[in-house]
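Novice: with the input below, show me the fold.
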Amino acid sequence: MPVTRVELFSNHGRDGRYNHRVNETQLIARVIAGDRLAGRTLYDTHAPRVYSLAYRLSGDAEKAREFTQDTFIRAFSRLSQFRGDAAFSTWLHRIVVTIVSNARRSEIRTSREVALDEASSIEMTASEAEPDLKECIARAVENLSEAYRMTLIMHDIEGYTHAEIAAVLGVPEGTCKSRLSAARAQLRQDLAAFKE
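Specialist: The predicted structure follows:
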């Protein structure tokens, strides 16, 4: 199992910190045993990357904060189930991907329930019909299938490797590569009209 080295603060010296380094496996064991300071250290170590992924997948800072909290609540409640087959960060990222995916599916179901009379009352002005490139790209990415969108965001925006994406999404590396290629091709097609 890949082990990340982290500082564990808790040896109650003058600053109230441990003076020795422990590996992540030991840190997780301390959290399971009820060491709240170890839990805080684990959170502080991983929260920035979890938030970044949640933000990229959701596109909303407030939702990303909620998804980050939900990820750690779920992770800490299931920490004893973490087997260590993959890195702890991979396990966390799998949780955040699941949480964001579930929230997006719920939003899609809710949006489909909009009454037809409300939908027909929406009018589009000429200026709204021609958004700038940034809006076109955001819309094109949003219109990708969930698998393509997640793969594209994780690889091209967040900088994950294909191996990391495969581990988080639970698919073969080759599948990640083909999804990325298909997502890029679809984006090129969707944005071709913007060039004209």
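Novice: mean confidence score for stretch 46-55?
Specialist: Average pLDDT, stretch 46-55: 94.
Novice: mind listing what's buried in it?
Specialist: Going by neighbour count (16 or more other Cβ atoms under 10 Å), the buried part of stretch 46-55 is 46-47, 49-55. In this view, the C-beta of every residue, glycine as well, is placed from N, C-alpha and C.
Novice: and which of those residues is nearest residue 185?
Specialist: When the buried residues of stretch 46-55 are compared for distance to residue 185 (Cβ to Cβ), residue 53 wins out at 23.8 Å.
Novice: ok, that closest one - contacts?
Specialist: By Cβ atoms under 8 Å, 6 or more residues apart in numbering, residue 53 lies in contact with 93, 96-97, 154, 158.
Novice: give me that answer again for 6 Å
Specialist: If you count contacts by Cβ atoms under 6 Å, 6 or more residues apart in numbering, residue 53 has them with 93, 96, 158.
Novice: and the buried residues of stretch 46-55, which is closest to residue 184?
Specialist: residue 53 (19.7 Å).
Novice: give me phi/psi at the closest one?
Specialist: phi -70, psi -40 (degrees, to the nearest 10).
Novice: and the host helix or strand of residue 26, what does it pack against?
Specialist: Element membership for residue 26, per DSSP states H and E: helix 24-32. Helices and strands touching helix 24-32, by 3 or more Cβ pairs under 6 Å, 6 or more residues apart in numbering; DSSP states H and E, are helix 36-58.
Novice: mind redoing it with 10 Å?
Specialist: Applying 3 or more Cβ pairs under 10 Å, 6 or more residues apart in numbering; DSSP states H and E, we find helix 24-32 packed against strand 5-7, strand 21-23, helix 36-58, helix 61-77, helix 88-112.
Novice: so what's the gap between the third one and the chain middle?
Specialist: Computed by Cα atoms, centre = their mean, to the nearest Å, the separation of helix 36-58 from the middle of its chain amounts to 10 Å.
Novice: out of the contacts of residue 53, which one sits closest to residue 164?
Specialist: residue 93 (7.9 Å).
Novice: which residues touch the nearest residue to the closest one once chain neighbours are set aside?
Specialist: Spatially, and ignoring its direct neighbours in sequence, residue 93 is nearest to residue 168 (4.5 Å; Cβ to Cβ, 6 or more residues apart in numbering). By Cβ atoms under 10 Å, 6 or more residues apart in numbering, residue 168 lies in contact with 53, 86, 89-98, 150-151, 154, 160, 176.
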